[in-house]
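A.B. asks: got a predicted model here, sequence first, then my questions.
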Amino acid sequence: MTRRPHHPVLIRGQEAEDWEDVAAIFEGERAIAGTLQLPYQSRDAIRDRVENPRPDLRVLVAVLDGRVVGTLGLHFGRGRQAHTAHIGMMVHDSYQGQGVGTALVEAAIALAERWLAITRLELTVYADNEPALALYRKFGFEIEGTLRDYAFRDGRYVDAYLMARLRDET
Amino acid sequence: MTLDSTYTIRAQRNDDQDELFLLLTNEAALLDSVEIPYMTEESFRDRFSNPPADTHVLIAESVLPSARRRIIGAAWLHTQTNRLRHTARLTLLCLPQARRRDGESRLLEAALALADDWLGLRRVELVIYAGDPDAEAYYAGFGFAREAVMRRYAVRSGVYADAWLLARRHAPDQETQS
């Protein structure tokens, strides 16, 4: 698929009724491989997570072609880490490379930094996930270190980068 | 006060509450952790009395010459799930006189033996505040290596403090016992 600038990605908060589209994202092999998610999750479990989000989590979704094709969760730190948030993102296999991730990250940064006074945004990304690395670098995320054997992915232990973006305080 | 060098490492017990509360609520503990001053006993009980099943709590006691026992440190090994199930995060807290000394060493050895020999973990993570090369060297003695510098990790006595993420990897022995 090619990029369609005439169909800009819409970003909005996740609604309970989005759960079926979200469950469809979890059917993608690449979407699973690029995250910490497991294959074969029940639709009921996904529905429950979408309908009853954790209080320390805020989820944005990307809408394209009239359906939700990407989600991004901002997980806020507490107490002495209340200025921090951790990003987790997932894009539908058929919609990767079309600016969905870019739109989600851009919106998440604006929400976190302009409205929630987050000054440290962090995430982990598999060290060999070049497209994701390029995306995060574009938005000012810097590698803070390499986490060795961080997670298990498709039969082997893989390394991840810890990345963070700091906002200057005004 | 000098502590005798005899230590016992054991599981948490119900009657540890008062001593554990003191361990967690002093100036040194605040500087070593992400705990907040004025912790209430109620919130302490909620969080520490009934740890979740995936958190293994080890208590280090010193046995004084008078045979009295005193808690000098605690370790929380938080095992992870799913695709991180080979990993755990380790949190350690020791009284100042046991910190980076025999007391903490016994506790750390016991926590790592649990991780290596009984839980079969491959990766244990530990976070310490940055700028403390002595602490880094101490943990390096147990196989931890610095992997990342987490900038603005937490607020600490009025400033954002950076932290070092240390990790220790352990490959389970391939031999099987028959």
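C.D. replies: Sure, I can see it.

A.B. asks: residues near residue 97, how many?
C.D. replies: Went with chain A since none was named. Using other Cβ atoms under 10 Å in any protein chain shown, A:G97 has 11 other residues around it. (Glycine included, C-beta is placed from N, CA and C.)

A.B. asks: not what I meant, chain B
C.D. replies: If you count neighbours by other Cβ under 10 Å, B:Q97 ends up with 13.

A.B. asks: what about it, distance to B:S62?
C.D. replies: Applying Cβ to Cβ, to the nearest Å, the value for B:Q97 to B:S62 is 9 Å.

A.B. asks: ok, A:M163 next?
C.D. replies: 42 Å.

A.B. asks: who in chain A is up against chain B?
C.D. replies: Contact residues, chain A versus chain B (Cβ under 8 Å from any Cβ of the partner chain): A:36-38, A:79-81, A:83-84, A:119-120, A:122, A:144-153, A:157, A:162, A:164, A:166.

A.B. asks: quick check on those residues: which are buried?
C.D. replies: The neighbour count (16 or more other Cβ atoms under 10 Å in any protein chain shown) marks A:36-37, A:80-81, A:83-84, A:119-120, A:122, A:144-145, A:147-153, A:157, A:162, A:164, A:166 as buried among the residues of chain A next to chain B.

A.B. asks: do a quick rundown of the helices in chain A.
C.D. replies: A:19-25, A:29-33, A:43-51, A:100-110, A:130-138 (DSSP state H).

A.B. asks: those helices into CSV, with extra columns for mean pLDDT?
C.D. replies: As requested, those are exported to CSV (pLDDT from 0 to 100):
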stretch, mean pLDDT
helix A:19-25, 98
helix A:29-33, 97
helix A:43-51, 97
helix A:100-110, 98
helix A:130-138, 98
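
A.B. asks: quick check: closest non-adjacent residue to whichever residue of chain A sits closest to chain B.
C.D. replies: For chain A, the residue closest to chain B is A:G145, as judged by Cβ to the nearest Cβ, at 2.3 Å. Spatial nearest neighbour of A:G145, chain neighbours left out: B:A148 (2.3 Å); criterion: Cβ to Cβ, 6 or more residues apart in numbering or on different chains.

A.B. asks: what strand or helix carries the one you found?
C.D. replies: strand B:145-156 (DSSP states H and E).

A.B. asks: mind exporting the next helix or strand along the chain from that strand as CSV, just the C-alpha atoms?
C.D. replies: Beyond strand B:145-156 on the C-terminal side, the first helix or strand identified by DSSP H and E is strand B:159-169. Provided in CSV are the C-alpha atoms of strand B:159-169 (Å, rounded to 0.1, in the frame of the first residue of the first chain):
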residue,chain,number,x,y,z
VAL,B,159,15.9,17.8,42.1
TYR,B,160,15.4,15.4,39.2
ALA,B,161,17.9,12.6,39.7
ASP,B,162,19.3,10.3,37.0
ALA,B,163,19.5,6.6,37.6
TRP,B,164,21.6,3.8,36.3
LEU,B,165,19.9,0.6,35.2
LEU,B,166,22.1,-2.3,36.1
ALA,B,167,21.4,-5.8,34.8
ARG,B,168,22.9,-9.2,35.6
ARG,B,169,22.5,-12.1,33.2
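
A.B. asks: neighbouring strands - and their directions - for strand B:159-169?
C.D. replies: Looking at strand B:159-169 with DSSP bridges, its partner strands are strand B:123-129 (antiparallel), strand B:145-156 (antiparallel).

A.B. asks: could the ones you listed be laid out in CSV, adding mean pLDDT and mean neighbour count?
C.D. replies: CSV is the format used below for the strands paired with strand B:159-169 (pLDDT from 0 to 100; neighbours: other Cβ atoms under 10 Å in any protein chain shown):
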stretch, mean pLDDT, mean neighbour count
strand B:123-129, 98, 20
strand B:145-156, 98, 19
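
A.B. asks: now the residue of chain A closest to chain B: how far from A:D44?
C.D. replies: Look at A:G145 and A:D44: by Cβ to Cβ, they are 37 Å apart.

A.B. asks: and if you look at A:V105?
C.D. replies: Using Cβ to Cβ, we find A:V105 at a distance of 30 Å from A:D44.

A.B. asks: cool, and A:A160?
C.D. replies: As judged by Cβ to Cβ, A:A160 and A:D44 stand 29 Å apart.

A.B. asks: more neighbours: these two, which one.
C.D. replies: Between A:A160 and A:D44, counted using other Cβ under 10 Å, the more crowded position is A:A160 (21 against 10).

A.B. asks: residues contacting the more buried one?
C.D. replies: Each residue near A:A160 by Cβ atoms under 8 Å, 6 or more residues apart in numbering or on different chains is listed here: A:124-127, A:146-147, A:150-151.
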